[in-house]
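**Student:** Dropping a prediction and its sequence here:
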Amino acid sequence: LNLDDTDDDSIPECYESNDGPQPFDTTRSFIHEVVHALTHLQDKEDNNPRGPVVEYTNIILKEMGHTSPPRIAYESSN
């Protein structure tokens, strides 16, 4: 996890959404890691392409009023 917004990566990391690939932002990445820390859940879960951490992150961000589209899979197809 790199939370440095000044990092000059030529190819930004993206996540899959229903609107297509979306670049990760600091808020989404931070909340994702906080969910790990508080729940001790793993990213992947059998029969769930998102996994529990992504599910909780999507819910928290929506309730915070974050405008980015929900993540639909833990792993990106890119």
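**Tutor:** Structure received.
**Student:** When you work out contacts or count neighbours from here on, use the C-alpha atoms and nothing else.
**Tutor:** Fine.
**Student:** My guess is Phe24 contacts Glu16. True?
**Tutor:** No. Assessed by C-alpha atoms under 8 Å, Phe24 is found out of contact with Glu16, at 9.9 Å.
**Student:** what about those two, which has more around it?
**Tutor:** Neighbours were counted for Phe24 and for Glu16 using other C-alpha atoms under 10 Å; Glu16 has more, 21 against 16.
**Student:** and the more buried one, backbone torsions?
**Tutor:** phi -90, psi 130 (degrees, to the nearest 10).
**Student:** residue contacts, His40?
**Tutor:** By C-alpha atoms under 8 Å, 6 or more residues apart in numbering, the contact set of His40 is empty.
**Student:** Check the gap between it and Glu33 for me.
**Tutor:** 10 Å (C-alpha to C-alpha, to the nearest Å).
**Student:** Which parts of the protein are strands?
**Tutor:** Counting by DSSP state E, the segments of the chain that form strands are 14-15, 22-23.
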